[in-house]
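**Student:** here's a sequence, model it:
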Amino acid sequence: MLRQILPRISRVGQLVDTGAPGCRLIENYASESARRVGVRFTPYPVASRAEVGRAFLQMEKERPDAILPCPSNMLFSLREVLAANAIRLRLSYTSFVLMNLRLGVLFSYAPPIEESFRRAAIYVDKILKGAKPGDLPIEQPRNIKLVINLKTAKALGLTIPQSLLLRAEQIIE
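**Tutor:** Take a look at the predicted model:
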C-alpha cells in the first residue's frame with residue numbers, strides 16, 4: 001500500500017520498542033518485506049520517551065519516506081507524540097491502531113482494537129474455566145479495515161490512488 005501511495009518510496013523506517021519481544025519479530029518481517037521490494041529499511045530502536053525523541057532527531061537527518069511503528073504498549077502510550085513528530089517532519093506515518101487516524105496518521109490497515117479486546121476476553125474466560133493456554137488455537141483477525149486519512153494525504157501533497165480509495169472501509173476528509 002505504501003508503494004501505491006508513494007511510488008518512489010526508497011527508504012522506510014520503523015520505530016521498534018526494544019522492550020516488546022514481538023517488535024523484534026515484526027522488525028524482521030518488515031526488513032525482509034522492504035528488501036524484497038527494493039526499499040531501504042532502517043529500524044529505530046527505542047525503549048523510552050527520550051529515545052523516541054532521539055529517534056525522530058535521527059529521522060530528521062535521514063529523511064525516511066515513511067514510518068511504520070511497531071505495535072507495543074509503550075509506543076501506543078506515546079501515539080500523540082509519534083503523530084505530532086511525523087507531522088512536524090512531514091513524514092508519511094502509518095499505524096496498526098485505527099483510532100490513531102484522528103491524530104494525523106496517513107492510513108491504517110488493521111483489525112479494530114475493540115475486536116482484539118473481545119477475542120482476548122474470550123480467551124481469558126476459557127483459561128479461567130480451566131483451559132490450558134497452550135491448548136488454545138492461535139487466531140488471525142477476522143476483520144481487517146483499511147482507513148485512509150485524506151486530510152493528512154493532502155497536507156503531505158500525496159494523491160491516494162482510486163484503487164485504494166475504493167478498498168477503504170472509511171475515508172477521513
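
**Student:** for this protein, what spans make up the helices?
**Tutor:** All helices of the chain, identified by DSSP state H, fall at 2-5, 21-36, 49-62, 73-77, 79-88, 113-128, 150-155, 162-167.

**Student:** which positions in the shortest one come out as buried?
**Tutor:** Which is helix 2-5. Residues of helix 2-5 classed as buried by neighbour count (16 or more other C-beta atoms under 10 Å): 2, 5. To be clear about C-beta, it is placed using only N, CA and C from the backbone, and glycine gets the same treatment.

**Student:** just to revisit the earlier point, need the helices of the chain in TSV with mean pLDDT and distance to residue 13, can you?
**Tutor:** Putting the helices of the chain into TSV (pLDDT from 0 to 100; distance: least, C-beta to C-beta, whole Å) gives the following:
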stretch	mean pLDDT	distance to residue 13
helix 2-5	90	12
helix 21-36	92	10
helix 49-62	96	6
helix 73-77	93	13
helix 79-88	93	10
helix 113-128	88	23
helix 150-155	94	17
helix 162-167	95	22
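
**Student:** mind checking which of those helices is nearest residue 106?
**Tutor:** Comparison of the helices of the chain against residue 106 by C-beta to C-beta identifies helix 150-155 as nearest, at 5.0 Å.
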